[in-house]
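**Q** Model the structure of this input:
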Amino acid sequence: MTLFTIDTEKCNRDGICAASCPFALIDMTSKSGFPAPIGIAEERCMNCGHCVSVCLTGALTLKTMGPSDCRPVPKDYGISPEQLEQLYLTRRSIRVFKDKPVPRENLQDLFRLVGHAPSGHNSRVVQWLVIEDAGEIKRLSGLVIQWMREVLEQNPAFGKSMEADILVAAWDRGEDYILHAAPHVVIAHGPLQFKDVYPVRSEFALAMSYLEIAVAAMGIGACWAGFFQAAVQFYPPMNEAIGLPDGHLSYECMMLGYPKYKYQRVPIRSLPPISWR
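**A** This is a model prediction of the structure:
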């Protein structure tokens, strides 16, 4: 089978598929007027499926997917601006969780949604690790504290700038302000080679951002684990401790669980600076 086939009885030759192809791999200039792949299309296609998705009549079938394989978009699809505003304004970073795990099937549904996050060249490099064992989560928090103790000893000014003295003191009192005893710790990881590669590096943050918004819509709380990620970046034992595949790095980390408390008001936020040209 070639890269794609056209049902000539359905195709209305409107050229929408060609206009939507990110790399202009579809030719509309043949004598028949039907879409055809250009010479390098097989090699360069990134299998994004835009051509299948946009076709009004369902006439185009990629060798990897056809119209019947794809979920249709309802004609009344969409959320109102008011609903979107409510979601964004009421989202909070949750650091106090109920002692109740989120069912695994719910988490799987979340990751299915997150799989639709933007991905440069449709590379889909993000992989996930979900840590659910309370003892393991506490152990990882302890390693972050261990790193912070070393930082405070070697570079006190830097340690205090990230509140390490406060966090270590809280830990010594038996309080975990690193991973907050969250029921789930989610790590977005991938090959180390992408550490300094943009835009691939940004895919991990995009995927995690999609996850954060998705959980907020489902009554689940989330908070980015910044101290954990800092330890991964500056303290080599952390990456070894989480046991990722060889050559992989934790790019982003987030805590998940049901919020213990419900927020009653939207706090004030300033408008970010904007320039117009």
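**Q** can you give me the strands for the stretch 101-250 of the chain?
**A** 127-131, 184-191, 221-224, 248-257 (DSSP state E, counting those that start in this stretch).
**Q** how about the ones you listed in TSV, adding distance to I26 and mean neighbour count?
**A** In short, each C-beta sits where N, CA and C put it, glycine included. What follows is these, written out as TSV (distance: least, CB to CB, whole Å; neighbours: other CB atoms under 10 Å):
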stretch	distance to I26	mean neighbour count
strand 127-131	31	16
strand 184-191	31	22
strand 221-224	40	22
strand 248-257	34	23
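**Q** Can you tell me which of those is nearest to A59?
**A** Ranking the strands of the stretch 101-250 of the chain by proximity to A59 (CB to CB) places strand 127-131 first, at 35.3 Å.
**Q** relative to strand 184-191, how tilted is that closest one?
**A** Put simply, strand 127-131 runs at 150 degrees to strand 184-191, going by axes from the mean of the first three to the mean of the last three CA atoms, to 10 degrees.
**Q** Could I get the full set of helices for the stretch 101-250 of the chain?
**A** 104-114, 134-154, 156-161, 164-172, 200-217, 226-234, 236-241 (DSSP state H, counting those that start in this stretch).
**Q** can you tell me which of the ones you listed comes nearest to M46?
**A** Between the helices of the stretch 101-250 of the chain, helix 200-217 lies closest to M46; by CB to CB that is 13.2 Å.
**Q** Tell me where the model's unsure across the stretch 101-250 of the chain.
**A** Applying pLDDT under 70 to the stretch 101-250 of the chain flags no residue at all.
**Q** Could you point out which of the strands of the stretch 101-250 of the chain sits nearest L84?
**A** Using CB to CB, the nearest of these to L84 is strand 221-224, at 17.9 Å.
**Q** picking up where we left off before, could I get the helices of the stretch 101-250 of the chain in CSV, plus columns for distance to P22 and mean neighbour count?
**A** Shown next, in CSV, are the helices of the stretch 101-250 of the chain (distance: least, CB to CB, whole Å; neighbours: other CB under 10 Å):
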stretch, distance to P22, mean neighbour count
helix 104-114, 21, 14
helix 134-154, 39, 17
helix 156-161, 43, 12
helix 164-172, 45, 16
helix 200-217, 16, 19
helix 226-234, 31, 19
helix 236-241, 34, 14
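**Q** Make JSON lines out of the ones you listed and add distance to I38.
**A** Formatted as JSON lines, the helices of the stretch 101-250 of the chain follow (distance: least, CB to CB, whole Å):
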{"stretch": "helix 104-114", "distance to I38": "33"}
{"stretch": "helix 134-154", "distance to I38": "50"}
{"stretch": "helix 156-161", "distance to I38": "54"}
{"stretch": "helix 164-172", "distance to I38": "57"}
{"stretch": "helix 200-217", "distance to I38": "26"}
{"stretch": "helix 226-234", "distance to I38": "43"}
{"stretch": "helix 236-241", "distance to I38": "43"}
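**Q** Relative to M254, which of those is closest?
**A** The closest of the helices of the stretch 101-250 of the chain to M254 is helix 200-217. By CB to CB, the value is 5.7 Å.
**Q** Grab the CA positions of that closest one and hand them over as PDB.
**A** Only the C-alpha atoms of helix 200-217 are listed here, as PDB (Å, rounded to 0.1, in the frame of the first residue of the first chain):
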ATOM      1  CA  VAL A 200      11.700  18.100  22.000                       C
ATOM      2  CA  ARG A 201      12.600  19.100  25.500                       C
ATOM      3  CA  SER A 202       9.400  21.200  25.800                       C
ATOM      4  CA  GLU A 203       7.200  18.200  25.000                       C
ATOM      5  CA  PHE A 204       7.600  16.900  28.500                       C
ATOM      6  CA  ALA A 205       6.400  20.200  30.000                       C
ATOM      7  CA  LEU A 206       3.500  20.300  27.500                       C
ATOM      8  CA  ALA A 207       2.500  16.800  28.400                       C
ATOM      9  CA  MET A 208       2.600  17.500  32.100                       C
ATOM     10  CA  SER A 209       0.600  20.700  31.600                       C
ATOM     11  CA  TYR A 210      -2.100  18.700  29.800                       C
ATOM     12  CA  LEU A 211      -2.100  16.300  32.700                       C
ATOM     13  CA  GLU A 212      -2.500  19.100  35.300                       C
ATOM     14  CA  ILE A 213      -5.500  20.600  33.500                       C
ATOM     15  CA  ALA A 214      -7.100  17.200  32.900                       C
ATOM     16  CA  VAL A 215      -6.900  16.200  36.500                       C
ATOM     17  CA  ALA A 216      -8.400  19.500  37.600                       C
ATOM     18  CA  ALA A 217     -11.400  18.800  35.400                       C
END
